[in-house]
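**Q** just the structure for this:
(one chain, ligands or ions: 1)
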Amino acid sequence: MTALLELKGVTKRFRGLEALSDINLSLKSGEIVGLIGPNGAGKTTLVNVITGVHTADAGSITFNGAPIAHMRRDRIARLGVARTFQVVQPFPAMTVLENVTAAALFGGGAASIAEARDAAAHHLAFCGLTDQAGKPAANLTLAGRKRLELAKSLALRPKLLMLDEVNAGLNPAEVDAALELITRIAAQGATILLIEHLMKVVTRTARRLVVLHHGKLIADGPVASVLSDETVVEAYLGRRYAERMAGAGI
Ligand SMILES: Nc1ncnc2c1ncn2[C@@H]1O[C@H](COP(=O)(O)OP(=O)(O)OP(=O)(O)O)[C@@H](O)[C@H]1O
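**A** Got it, this is the predicted structure:
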């Protein structure tokens, strides 16, 4: 299968710091891939470079056959690249429905406000937010705001959706519900890059793991082999975690 997203030799520097070093990464359509690594490893920078927030200093990025490394971020979004933010950022005074309608108008290809509202209502239903549609976004709980963030991303009709710590701060029941939602999004055909600190979440949803450490991609492969990889254990997981996972047969 041809790659949906292909990074070759991508490097990003912030003054003296090499936040991404010579990254080669390829994602296929419909995959759920977990992206893990310690704080400051370069995970968010990778998402920022793919979405055009930052421009890579070297390397190429191809999405669906188009070179996007130097493309404006709104054009990249319109090609079908969406992301959520670690800190969720709705328009607080607008209602939940209006927030998603705005996203559908901006990047979802809706031809009119009425069409955008219909699409938004559909995405809110998919994300379990229909009951909250008329509320100001500021009144949602954290779990609700994260669902809203997902609904806004879906309104962009993404082919690639990058979820940056979408489960952080949620309780276990809310994480379960979010995971179920993420799995349903992937089942509709989107490729998902899941940035996560919660290993339970990654191992339940992704079949493939990519590990960043000090800006370098140190492992990329099936979950079980990456989790038992010596370099990954040393850099990130720690030995006790690796032994627990091996004991659990993962
Ligand atoms: N805009 C910026 N200007 C300067 N340095 C930056 C900028 N963005 C990121 N960095 C630095 O680049 C490195 C990688 O940061 P990044 O946020 O990508 O890591 P991360 O893996 O997402 O970390 P976390 O898990 O804590 O979110 C860090 O050393 C960070 O301080």
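
**Q** with adjacent residues omitted, what lies nearest to residue 38?
**A** Distances taken as Cβ to Cβ, 6 or more residues apart in numbering put residue 236 closest to residue 38, at 5.5 Å, once the chain neighbours are dropped. No exception for glycine: its C-beta is placed from N, CA and C like everyone else's.

**Q** what's the one you found in contact with, if anything?
**A** Residue 236 is in contact with 36, 37, 38, 211, 213, counting by Cβ atoms under 8 Å, 6 or more residues apart in numbering.

**Q** shaky segments in this protein?
**A** Scanning the chain for pLDDT under 70 picks out 1, 86-87, 108, 239-243, 245-250.

**Q** what parts of it come near the ligand?
**A** Within reach of the ligand by Cβ under 6 Å from any ligand atom, the chain has these residues: 14, 17, 19, 37, 39, 40, 41, 42, 43, 44, 45.

**Q** measure the second one to residue 11 for me?
**A** Translated: residue 17. According to Cβ to Cβ, to the nearest Å, residue 17 and residue 11 sit 12 Å apart.

**Q** more neighbours: these two, which one.
**A** residue 11 (16 against 12; other Cβ atoms under 10 Å).

**Q** wasn't the more buried one part of a strand?
**A** Yes. Using DSSP: H, G, I helix; E, B strand; the rest coil, the assignment for residue 11 is a strand.

**Q** show me how this protein divides into domains.
**A** Domain ranges of the chain: 1-80+159-250, 88-157, per automatic domain parsing.

**Q** out of those, which one sits most buried?
**A** Highest mean neighbour count of the domains of the chain: domain 88-157, a mean of 19 (counted as mean count of other Cβ atoms under 10 Å).

**Q** span of that domain from start to end?
**A** 19 Å (Cα to Cα, to the nearest Å).

**Q** just how off-centre is stretch 37-51 within its chain?
**A** Its chain's C-alpha centre and that of stretch 37-51 lie 11 Å apart, by Cα atoms, centre = their mean, to the nearest Å.

**Q** restricting the selection to alpha carbons, write that stretch to CSV.
**A** Extracted C-alpha coordinates of stretch 37-51, given in CSV (Å, rounded to 0.1, in the frame of the first residue of the first chain):
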residue,chain,number,x,y,z
GLY,A,37,8.7,9.4,24.0
PRO,A,38,9.8,11.3,27.1
ASN,A,39,8.9,15.0,27.7
GLY,A,40,10.8,17.2,25.2
ALA,A,41,11.4,14.3,22.8
GLY,A,42,10.0,16.2,19.9
LYS,A,43,6.5,14.7,19.6
THR,A,44,4.6,18.0,19.4
THR,A,45,7.3,19.5,17.1
LEU,A,46,6.7,16.6,14.7
VAL,A,47,3.0,17.4,14.6
ASN,A,48,3.8,21.1,14.2
VAL,A,49,6.1,20.4,11.3
ILE,A,50,3.6,18.1,9.5
THR,A,51,0.7,20.6,10.0
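
**Q** contacting residues around the strand or helix carrying residue 193?
**A** Using DSSP states H and E, residue 193 sits in strand 191-195. The contact list for strand 191-195 (Cβ under 8 Å, 6+ apart) reads 4-5, 27-36, 43-44, 47, 159-166, 182, 185-186, 201-202, 205-206.
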